[in-house]
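> Using only what follows, build the 3D model:
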Amino acid sequence: MRKPKLFCNFVSKVFTLTMKHFFSCFLLLISISLFAQRANTRDYVSLELIPDHADWIYKTGESVTIQVTPKLHYAGMAGQNIHYSWGPEIRPAEIEKDLVTGKNGSLTLQLKGSKVPGFKKLTVTTEYDGKTYTNWINIAFEPENIRPTVPMPDDFRTFWNEEIARARKTPLEPLFTLHPELCTGTYDVWEVRFQNMQKGQYLYGAMCTPKGVNPADTTATKKYPVLIIWPGAGVKPHPGDGSYFPAKGVITLEMGVHGIPTMERQEWYTALGQGALAGYPTLGMDDRSTYYYKKIFAGTVRTVDLLMEMPCIDKDRIGCFGGSQGGALSIVNAGLDPRIKCAGIAYPAMCELAGEYRGRVGGWPHLWTGGKPDYKQIQKQEGYKTAASIEIIQEQKVKTLDYYDVVNFARLVTCPVWFQIGYNDHVCCPTSTFSAYNVMTCPKELFTPLDCGHWQYPEHREKRADWLFEQIMK
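You can find the predicted model right below:
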């Protein structure tokens, strides 16, 4: 006997609601489980390092006192063996010693300060139950007085003006492709492609627009602010970021920089990162005209060129932000292009690129981690011609990098910037990033979460987002 249609619809709705309820509960259980796993990340034994200056800042030449307390179950560990080293960040230690904690579970270190502005790093290790535990702290010495080692080439502006003018001879020919599978109820996701420095050489990005906004619409009358998101180092997908701004009426454009599509499968990027693009920060470094980053830096301006051609973009409200390599590109973008209204910068890479070569700490990618080669030693071992040849090659690389050092772009920035430096960052060392911040003459706001390494707390990402929104809407 055929069942009434009304009854069938009722059963279907009940089944659907039941499955939705089950699926929601299943997702909730997974979320709780993942949260519990993320929350349980604290080391079994912790090493508490407390300097006698709460802001971690000292005068040059001033000695430093740091209390070291290994803790188990939040209590100090008496009689615990401690090994420590002290010296310039990511450089060989000046002193190393083994000590034992006292009855109170702590010990106090008296450490020699720095004669020059910069940072010194204390690294402490201890062993317990067969495992080694480590912590470190970077102490600042007059960071406001850190000055760069990199000179600005006399023709720095001319070189980049000519490269940008050359790039602009190539038409952008943009293409916008909607990705419905990535769209949500509040924003749409578009893959963007346009030509960069020559015909057939593309840049790709993912644009998140408020729901229903079509970036390819040449008849659009409503204007939206836009924030360019510059990526950190590596070869990876960039599917767009609509987490905060599109709901507030701000378009985001998350850019890739390698001239490859941004929405492929992860294994595609892994293969490129381990193959054709392996070691890309060193490619073409022998000449300023062939260095890999030339098309990337010029591409920051071309990206703004694209936005200026789009009817839906408010041309007076274009900003950018990023961290690490993305922080570097935000400085480059703002330095090369006065159309950038504001920049949110976090622990920028590529500051003091030849810092180690010039005898001081440099930033990522740390091209001379061992410092300047000992050419006299090379001459003794391999002969004068070999030593001279190596020196010529190395000096040429240094000259190339001066045209790409982010410190020199920082000198050109005129828009307001929000600048984060984590004192405990050993990837983009604070000595290198302060070199960039200190030469900036634009309106600037420094944010220094002391214990941050090469990362941000969620609260700090929110702080930067709020600052960017306030600036872009002015």
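
> Test my guess that residue 345 contacts residue 416.
No. Residue 345 lies out of contact with residue 416 (C-beta atoms under 8 Å); the separation is 11.0 Å. To be clear about C-beta, it is placed using only N, CA and C from the backbone, and glycine gets the same treatment.

> Neighbour count for those two, which is higher?
More crowded of residue 345 and residue 416, by other C-beta atoms under 10 Å: residue 345, with 32 against 19.

> Quick check: the gap between the more buried one and residue 444.
Residue 345 sits 9 Å away from residue 444, going by C-beta to C-beta, to the nearest Å.

> cool, and residue 311?
For residue 311 relative to residue 444 (C-beta to C-beta), the value is 33 Å.

> ok, the two, which is more surrounded?
Shown here are residue 311 and residue 444; by other C-beta under 10 Å, residue 444 has more neighbours (17 against 14).

> That one: what's it in contact with?
Residues in contact with residue 444 (C-beta atoms under 8 Å, 6 or more residues apart in numbering) are 416-419, 437.

> one more time with 10 Å
343, 345, 410, 413, 415-419, 437-438 (C-beta atoms under 10 Å, 6 or more residues apart in numbering).

> What backbone torsions are found at it?
The phi and psi values for residue 444, taken as degrees, to the nearest 10, are phi -140, psi 150.

> again with residue 326
phi -70, psi -30.

> list the contacts for it?
228-233, 254-255, 257, 320, 344-349.

> how about 7 Å then?
Contact analysis of residue 326 by C-beta atoms under 7 Å, 6 or more residues apart in numbering lists 230-232.

> Which one (most neighbours) among these?
That'd be residue 230 among those, by other C-beta under 10 Å, with 30 neighbours.

> Buried residues, stretch 411-429. List them.
For stretch 411-429, the neighbour count (16 or more other C-beta atoms under 10 Å) marks 411-413, 415-429 as buried.

> Repeat that for stretch 341-359.
Buried residues in stretch 341-359 (16+ other C-beta under 10 Å): 341-358.

> cool, and stretch 267-285?
Residues of stretch 267-285 classed as buried: 269, 272-273, 277, 280-281, 285 (neighbour count, 16+ other C-beta under 10 Å).

> Out of those, name the ones that lie in helices.
With DSSP state H as the criterion, helices contain 269, 272-273 from among the buried residues of stretch 267-285.

> my guess is residue 226 contacts residue 249, does it?
No. Counting by C-beta atoms under 7 Å, residue 226 sits too far from residue 249 to count as a contact (10.7 Å).

> between those two, who's got more neighbours?
Using other C-beta under 10 Å, the more surrounded residue of residue 226 and residue 249 is residue 226, with 26 against 13.

> Next, the contact list for that one, please.
Per C-beta under 7 Å, 6+ apart, neighbours of residue 226: 250-251, 253, 307, 313, 318.

> okay, now the closest residue to residue 222 other than its chain neighbours: neighbour count?
With sequence-adjacent residues excluded and distances taken as C-beta to C-beta, 6 or more residues apart in numbering, residue 222 is closest to residue 312, at 6.7 Å. Neighbours of residue 312 under the rule other C-beta under 10 Å: 21.

> separation between residue 312 and residue 448?
37 Å.

> quick one on the thing from earlier: isn't the residue nearest to residue 222 right up against residue 215?
Yes. Contact criterion C-beta under 7 Å: residue 312 and residue 215 qualify, at 6.0 Å.

> buried ones in the helix or strand that contains residue 84?
Secondary structure assigned from DSSP states H and E places residue 84 in strand 81-88. Buried residues in strand 81-88, counted by 16+ other C-beta under 10 Å: 82, 84-88.

> ok, and what's touching that strand?
68, 70, 93-101, 107, 109, 111, 118, 120-127, 361.

> For this structure, which residue occupies the most central location?
Centroid-nearest residue in the chain, with C-alpha atoms, centre = their mean: residue 324, separated by 1.7 Å.

> How about the contacts made by that residue?
232-233, 347, 349, 364, 427-428, 454 are the contacts of residue 324 under C-beta under 7 Å, 6+ apart.

> Apply 10 Å and report the result again.
230-234, 346-350, 363-364, 425, 427-428, 454-455.

> Of those residues, which belong to strands?
Mapping the contacts of residue 324 onto strands (DSSP state E) picks out residue 346.

> helix/strand/coil for the spatially closest residue to residue 47 that is not a sequence neighbour?
Using C-beta to C-beta, 6+ apart and skipping residues adjacent in sequence, the residue nearest residue 47 is residue 135, 3.8 Å away. Residue 135 carries the three-state label strand when classified by DSSP: H, G, I helix; E, B strand; the rest coil.

> Quick check: which ranges of the protein have low pLDDT?
By pLDDT under 70, the weakly predicted segments of the chain are 1-41, 384-385.
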